[in-house]
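**Q** This is a predicted model, with the sequence first.
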Amino acid sequence: MTETGQALIQIEDLTKVFYTDEVETHALSGVHLAIRKGEYVAMSGPSGCGKSTLLSIIGLLDTPTGGRYQLNSQPVENLGFAERSRIRNQEIGFIFQSFNLIGDLTVYENVELPLTYRQKMPAVERKKRVMEALERVGMAHRVRHYPSQLSGGQQQRVAVARALGGKPSILLADEPTGNLDSRNGEAVMELLQNLHREGATICMVTHDPRFAKHAEREVHLFDGKVVAEEELKKLMADVHA
């Protein structure tokens, strides 16, 4: 296999069950998914189909109830909290719908923050990475500004820079355009496409078919399972019938 063809993420028969008041909710029911290095994948499907749950498990924010998950050929489904946190900090970059910037930190400090948890990284290297990441998203001229002084589109660019600073193996974007108007949404999509062209591996959850088309491959979920596009259309038609 070529470097870009290797499976960065390999998921087999993944299940996730939530228990509330003796009610079992099967959020994921036997998901199989592989994402190769350098690939740009969009996960789509109706609300409540398991997209965000799957992204949380891929991002090591949550653990599966059953099944196997390998990240960079390492099994990660049963890791403890501390080890999950360490791998998440080094391997995964997150871009959230709500930006999740810290209001009383400057743009520079927001991007630097995840790097401060890497104990062996010298301050000089941190600074270099922060500035490189901000330059890549066109926000290097705003280092001293606070989130409240930025537009939504600019805040999301800073959030992308924060995700890039750690040089992660994969970028996970959860509805990255959800809080943006269409013009800023398109700009963020263009930014992600450029990053992908530069070699970034991206997995994005979106409910917007226009934005899903930006990815090179679309994964459709329905009732906690990965389904083919034609099958999804039929299932959705049955729901609305």
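**A** Received, thanks.
**Q** and after the biggest helix by length in the chain, which helix or strand comes next?
**A** Longest helix in the chain, counting residues (DSSP state H): helix 182-197. Reading on from helix 182-197 to the C-terminus, the next helix or strand found by DSSP states H and E is strand 202-205.
**Q** can you pull the buried residues of that next one?
**A** 202-205 (16 or more other Cβ atoms under 10 Å). Quick note: C-beta positions are derived from backbone N, CA and C, even for glycine.
**Q** L54: which of those is nearest?
**A** Checking the buried residues of strand 202-205 against L54 by Cβ to Cβ gives V205 as the nearest, at 8.1 Å.
**Q** Show me the beta-bridge partners of that closest one.
**A** M43, D174 (DSSP bridges).
**Q** thought it was touching T53?
**A** No. At 10.0 Å, V205 does not count as touching T53 under the criterion of Cβ atoms under 8 Å.
**Q** sorry, back to before: the longest helix of the chain - contacts with which helices or strands?
**A** Applying 3 or more Cβ pairs under 8 Å, 6 or more residues apart in numbering; DSSP states H and E, one finds that helix 182-197 contacts strand 40-44, helix 152-165, strand 170-174, strand 202-205.
**Q** I'd like to know which elements the second one is packed against.
**A** Secondary-structure packing of helix 152-165 (3+ Cβ pairs under 8 Å, 6+ apart): strand 92-95, helix 107-116, helix 123-136, strand 170-174, helix 182-197.
**Q** Model confidence for the spatially most central residue of the chain, exactly?
**A** With distances taken as Cα atoms, centre = their mean, L172 lies nearest the centre of the chain, 1.2 Å away. At L172, the model reports a pLDDT of 96.
**Q** what's near enough to touch the nearest residue to L164 once chain neighbours are set aside?
**A** Excluding its sequence neighbours, the residue lying closest to L164 (Cβ to Cβ, 6 or more residues apart in numbering) is A133, at 4.3 Å. Taking Cβ atoms under 8 Å, 6 or more residues apart in numbering, we find A133 in contact with 111, 161-162, 164-165.
**Q** Against L54, how distant is A133?
**A** 26 Å (Cβ to Cβ, to the nearest Å).
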